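Pasted the sequence and its predicted model underneath.
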Amino acid sequence: MTGPRVLIIIQNLWVPFDRRVWLECQALVASGYDVTVVCPKGPDDPAYQVIDGVTVHKYKAYAPGGSKLGFVWEYAYSFLLTLRLVFRARKAGRFQVMQACNPPDIFWPIAMLLRWLDRTRFVFDHHDLCPELFQSRFGGTTSLPYKGLRFLERMTHRQADHVISTNDSYRRIAITRSGKANHDVTVVRTGPDPDKLRRGVPDEALRRGRRYLVTYIGVMGPQDGVDIVVRAAHHIVNNLHRTDIAFTLMGGGDSFDDVVALRDRLGLGAYVEFTGRVPDETVRAVMSTADLGLSPDPKNPLNDVSTMNKTMEYMAFELPVVAFDLIETKVSAEDAAVYVEPNDVALYGQAIADLLDDEVRRRRMAKLGRSRVEQVLAWRHQQKAYLGVYDRLTGHVSRVGDVARAAGS
């Protein structure tokens, strides 16, 4: 006998590439839930597949660009294709719970429709602050688009039977800005898996002849600060006259071409390598070789209160972190990171050089970071709260032993 049917909707990534959502799917399946996901296609993905017990319906992604109008067209297209696939998936039976993950905050009308048809409960998994994302990219809080995003956020929160927040800052926003009750908002952090993300044997060739290797992994968008890394590298090489440091930056995004062009314009091709998106094996090799990890997210309305997954991944690989002084970054990393005055490129570059020169401090920070991941941040600790939300909404009793084994597999 199968457990309660759960529908999970995501728009900006796909499974299993979206690590948080995939961890949630695995936890639900191990706990006895019947899980279906609707999301865009990844590279070479089929329209329908079953992955490790998770049924996945996918549509062809459409991303016309990063302009305001481009986002409107992208989200309208995604909403319509998602709605079509939701009803296709519903033919196999009603969903007891629908979970929508943002960005964007547009799927609450589907939740209302399913509630009307099937009494489906709605869980909102709050990944990003869309109004702050707009503000950080385009500026201003008085424009019609910003006010529209605030409306969509408020409607999503208010229609949700329960909100899952990625940190306490997001939880406070759900309560104070949207009026959710305290007991209807639960913090579930995107904790790394310390068994899968752990330091291995270094590959000295990845240092490219330099003494030190520092790395960045993650999205490269306008608000992610990868340009700060490139400018900090320029400061290190040309002002501090350090030629013993190699930079490897992994990932892609809207700003990828711009930051590569900046690297070339500054003549840093011999020091800064952009890999683009790379397989997990490459990530493990680089992270196992690197001497520290970079979290250059500049202080802005979004970043200050957002949890950066890359920071916790560095900690899992025993890499000390250089970051700007942001509220939620300090909550995640505590003493495993060096915190720099926000948005100061020269100070950021100096902090990298100083930390590389202090091996004793780096070793201490590495141990603190790994310990914090294992004891507090790891997904096996976070999933208990996540499954608790579903069990309360459905009356299902999770198979705790199976979930624990799945978390450790």
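Structure received. Numbering: from 1, shown residues only.

wait, what's in contact with the most centrally placed residue in the chain?
Of all residues in the chain, the one closest to the mean position by Cα atoms, centre = their mean is N309, 5.2 Å from it. N309 makes contacts with 19-20, 190, 192, 218, as judged by Cβ atoms under 8 Å, 6 or more residues apart in numbering. In this view, the C-beta of every residue, glycine as well, is placed from N, C-alpha and C.

Look at it and report its pLDDT.
Listed pLDDT for N309 reads 93.

Tell me how far it lies from T190.
To T190, N309 is 5 Å away according to Cβ to Cβ, to the nearest Å.

so what sits against both of these two?
Counting by Cβ under 8 Å, 6+ apart, the common neighbours of N309 and T190 are 19-20.

Now do the strands in the protein.
Taking DSSP state E as the test, the strands found in the chain are 5-9, 34-40, 48-51, 54-59, 97-101, 121-126, 162-165, 185-187, 212-217, 245-250, 272-276, 292-295, 321-324, 337-340.

quick one: the last one to chain centroid distance?
Relative to the centre of its chain, strand 337-340 is centred 20 Å away, using Cα atoms, centre = their mean, to the nearest Å.

Roughly how far does F87 sit from L80?
F87 sits 11 Å away from L80, going by Cβ to Cβ.

ignore the last one, R284
Shown here: R284 relative to L80, a distance of 39 Å by Cβ to Cβ.

what do you get for P320?
To L80, P320 is 46 Å away according to Cβ to Cβ.

if we can go back for a sec, out of the strands of the chain, which gets nearest to Y390?
Nearest to Y390 among the strands of the chain is strand 97-101; the distance by Cβ to Cβ comes to 6.4 Å.

got the angle between that closest one and strand 34-40?
Between the axes of strand 97-101 and strand 34-40, defined by axes from the mean of the first three to the mean of the last three Cα atoms, to 10 degrees, the angle is 30 degrees.

can you pull the contacts of the closest residue to S178 other than its chain neighbours?
Closest residue to S178 apart from its sequence neighbours, by Cβ to Cβ, 6 or more residues apart in numbering: H157 at 3.5 Å. Contacts for H157 (Cβ under 8 Å, 6+ apart) come out as 124, 163, 174, 177-180.

mind checking pLDDT for H157?
Note for H157: predicted pLDDT of 98.

Longest helix of this structure, counting residues only.
helix 68-90 (DSSP state H).

For the chain, identify the residue most remote from the centre.
Of all residues in the chain (Cα atoms, centre = their mean), H241 lies farthest out, 34.9 Å.

For that residue, what are phi and psi?
Backbone torsions of H241, given as degrees, to the nearest 10, read phi 60, psi 40.

I'd like to know how far it sits from D344.
20 Å.

quick revisit: now, which of the contacts of H157 sits nearest K384?
V163 (17.4 Å).

Run a quick neighbour tally on that closest one.
Other residues near V163 number 26, with proximity taken as other Cβ atoms under 10 Å.

One more: A346?
Counted with other Cβ under 10 Å, the neighbours of A346 add up to 15.

Please verify my assumption that it contacts H235.
Yes. Using Cβ atoms under 8 Å, A346 is in contact with H235, at 5.4 Å.

So which residues of the stretch 151-300 of the chain form helices?
Listed in chain order, the helices of the stretch 151-300 of the chain (DSSP state H, counting those that start in this stretch) span 168-176, 226-234, 256-265, 280-289.

Check what pLDDT the residue nearest to F317 when sequence neighbours are not counted gets.
Closest residue in space to F317, ignoring its immediate chain neighbours: M287 at 4.1 Å, by Cβ to Cβ, 6+ apart. pLDDT for M287: 98.

Same check on S67?
With respect to pLDDT, S67 scores 67.

repeat for L294
98.

The closest residue to it other than its chain neighbours bridge partners, please.
Distances taken as Cβ to Cβ, 6+ apart place Y216 nearest to L294, at 4.5 Å, with adjacent residues excluded. For Y216, the beta-bridge partners are L249 (DSSP bridges).

any idea how far Y216 is from D203?
Using Cβ to Cβ, we find Y216 at a distance of 18 Å from D203.

So between the two, which is more surrounded?
Using other Cβ under 10 Å, the more surrounded residue of Y216 and D203 is Y216, with 25 against 14.

and the gap between that one and Q382?
For Y216, the distance to Q382 equals 24 Å [Cβ to Cβ].

for P194, same thing?
Taking Cβ to Cβ, one finds P194 at 12 Å from Q382.

Isn't A336 up against P320?
Yes. Judged on Cβ under 8 Å, A336 makes contact with P320 at a distance of 6.4 Å.

list residues touching both of these two?
Counting by Cβ under 8 Å, 6+ apart, the residues touching both A336 and P320 are 365-366, 369.

Weed out the non-buried ones from the residues you listed.
The neighbour-count test (16 or more other Cβ atoms under 10 Å) marks 365-366, 369 as buried among the shared contacts of A336 and P320.

how close does N303 get to G53?
Using Cβ to Cβ, one gets 36 Å for the distance from N303 to G53.

The two: which is more packed in?
Remark: of N303 and G53, N303 carries more neighbours, 25 against 13, as counted by other Cβ under 10 Å.

Give me the contact list for stretch 35-50.
With Cβ under 8 Å, 6+ apart as the test, stretch 35-50 has contacts from 5-11, 13-15, 17-18, 21, 25, 28-29, 53-61, 78, 82, 85-86, 89, 92, 95.

Between the two ends of that stretch, what distance do you get?
Stretch 35-50 has an end-to-end distance of 10 Å (criterion: Cα to Cα, to the nearest Å).

Mind checking the pLDDT average for that stretch?
What stretch 35-50 shows for mean pLDDT is 96.

And stretch 327-342, by the same measure?
Mean pLDDT, computed over stretch 327-342, is 97.

Now do the buried residues in that stretch.
In stretch 327-342, counting by 16+ other Cβ under 10 Å, buried: 328-329, 332-333, 336-340, 342.

again, but for stretch 196-211
For stretch 196-211, the neighbour count (16+ other Cβ under 10 Å) marks 197-199, 202, 206-207, 210 as buried.

what are the bridge partners for L7, then?
In this entry, L7 is beta-bridged to T36, M98, by DSSP bridges.
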